[in-house]
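Q: pasting the structure only:
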């Protein structure tokens, strides 16, 4: 027999059999998936619009309330930055 080879019929058993190795790899991958899911959920909670709990009626820097955007209220400075200037036409934005 070659060195390092053990006959399957011999009584010698290793702790990390092929089945246990596969089970260990699957368990590690499942735990990694759960960990990534928890991190994604926490990131989503921290970065979603309106997560500050201001109630939606707080006044912005200009004294006005937040403008309504496609995903929720926007800060006035962000709304002003997203508003197209006079040099931008609807054709430029692909809306015409």
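A: Everything's here; your move. Not measured: the values here are computed from a predicted model.
Q: Determine the number of other residues adjacent to residue 45.
A: Residues within reach of residue 45, counting by other CB atoms under 10 Å, total 9. (C-beta placed from N, C-alpha, C; glycine too.)
Q: where are the low-confidence patches of this structure?
A: By pLDDT under 70, the weakly predicted segments of the chain are 1, 4, 6-13, 50-74, 84-86, 88-90, 96.
Q: Could you rerun that using 50?
A: Flagging of the chain using pLDDT under 50 yields the residue ranges 54-63.
Q: Can you show me the helices along this structure?
A: Ranges of helices within the chain are 18-47, 76-82, 90-93, based on DSSP state H.
Q: Could you dump these into a markdown table and include distance to residue 3?
A: Compiled in a markdown table, these are given as follows (distance: least, CB to CB, whole Å):
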| stretch | distance to residue 3 |
| --- | --- |
| helix 18-47 | 20 |
| helix 76-82 | 70 |
| helix 90-93 | 73 |
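Q: Let me know which of the ones you listed is tucked in deepest.
A: Counting by mean count of other CB atoms under 10 Å, helix 76-82 has the highest mean neighbour count of the helices of the chain, with a mean of 13.
Q: out of the helices of the chain, which comes closest to residue 5?
A: Of all those, helix 18-47 sits nearest to residue 5, with 15.0 Å by CB to CB.
Q: what about residue 78, distance to residue 46?
A: The gap separating residue 78 from residue 46 is 18 Å, by CB to CB, to the nearest Å.
Q: ok, now residue 79?
A: Using CB to CB, one gets 22 Å for the distance from residue 79 to residue 46.
Q: Repeat that for residue 77.
A: Separation of residue 77 from residue 46 (CB to CB) stands at 20 Å.
Q: Same check on residue 29?
A: Plainly put, residue 29 is 26 Å away from residue 46 if you go by CB to CB.
Q: do the same with residue 14
A: Residue 14 sits 46 Å away from residue 46, going by CB to CB.
Q: try residue 2
A: When CB to CB is the yardstick, residue 2 and residue 46 sit 57 Å from each other.
Q: got it, and residue 23?
A: In this structure, residue 23 and residue 46 are 35 Å apart, going by CB to CB.
Q: Ok, residue 25 next?
A: When distance is defined by CB to CB, residue 25 is 32 Å away from residue 46.
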